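1. Model the structure of this input:
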Amino acid sequence: MFTHDTIPQRITTLNSLNVELLKLNPSITGLSLSMLETKGSNLAMLDFVIANSPMTMFNGIKRGDILAALKVPLAARVIAAPITFTYDTHGDKHFPGGDAGTKFVLGTTWTKTTLNALLVGFITPHVARIRRDANGVKQTYYLTEPSQGYTGGQELAIQVDYVPSPAEYIGYHGYPRAVTVIGLSRTLGGAAIPL
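-> Coordinates of the predicted model:
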C-alpha cells in the first residue's frame, strides 16, 4: 500500500498504515485485524497483504474502502501463507526400534524421513482449513487417511497440533490405526471440521 504523499511511500505494516491514516483529511483512526473478519488470519498475514497491496491512499478515502481492499487478499493469504512443520518425536515409537505399539512397515521404499515427508504432504492441503477452524487458538486435529503400503493394512492416522503463535507452526506425527471415519477432525474418527 502507498501513502497519499507527493512522493508516495510504501506502507508495510498495520502499525505504519494506522500512522498514515491519521494524516488523511478527514483522518481515519485505528484499523485492526478483527475489523477484517477473516477467520484464520494473523498479524503477519495482514502485514504481508498491506506491504503487497497496490492501493494508494488519498484524502477522502473511506475506512470501508480500505477494509474492502484488504479483505480478499487477506483471505487468500490464509490459504497461501507458508507454515513450518515440526515432527513430534512422540511419533518415534511408531517406527521400528521404538516402544511397543502400532508400527509402520518400513523397508527400502519407506524410511522414517521419506514417510514423514509423506505425512507433511497429506497435511498441507488442509492448512487453510485448520487455520480457519482454529482461528488463532492452539488446537489438535486428527487427519485420517485410507490404508497405505506402510500401514500394515490399517488406516493412517496423523496427529496435527496447530500452534498459532508466537511463530505459527504445525507439529505432527503419524501412526497406523484402525479408524472408521476418514477425514480431518478434532477427535480421532470424529466428525469432519467444516471446509
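
2. Which segments of this structure make up each domain?
-> 14-80, 84-185 (automatic domain parsing).

3. Need those domains in a markdown table (columns: mean pLDDT and distance to Ile7).
-> Bear in mind the C-beta positions are built from the backbone N, C-alpha and C, glycine included. Converted to a markdown table, the domains of the chain look like this (pLDDT from 0 to 100; distance: least, CB to CB, whole Å):
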| stretch | mean pLDDT | distance to Ile7 |
| --- | --- | --- |
| domain 14-80 | 94 | 12 |
| domain 84-185 | 91 | 35 |
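
4. got those as CSV, with distance to Met1 and mean neighbour count columns?
-> CSV is the format used below for these (distance: least, CB to CB, whole Å; neighbours: other CB atoms under 10 Å):
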stretch, distance to Met1, mean neighbour count
domain 14-80, 4, 16
domain 84-185, 23, 16
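
5. can I get these in JSON lines with distance to Thr3?
-> Shown next, in JSON lines, are the domains of the chain (distance: least, CB to CB, whole Å):
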{"stretch": "domain 14-80", "distance to Thr3": "5"}
{"stretch": "domain 84-185", "distance to Thr3": "29"}
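
6. which one is Thr38 nearest to, not counting chain neighbours?
-> Leu74 (4.7 Å; CB to CB, 6 or more residues apart in numbering).

7. Would you verify that that neighbour is located in a helix?
-> Yes - counting by DSSP: H, G, I helix; E, B strand; the rest coil, Leu74 falls inside a helix.

8. what about the strands in the protein?
-> Here the chain has its strands, by DSSP state E, at 84-87, 139-145, 155-163, 169-177, 183-185.
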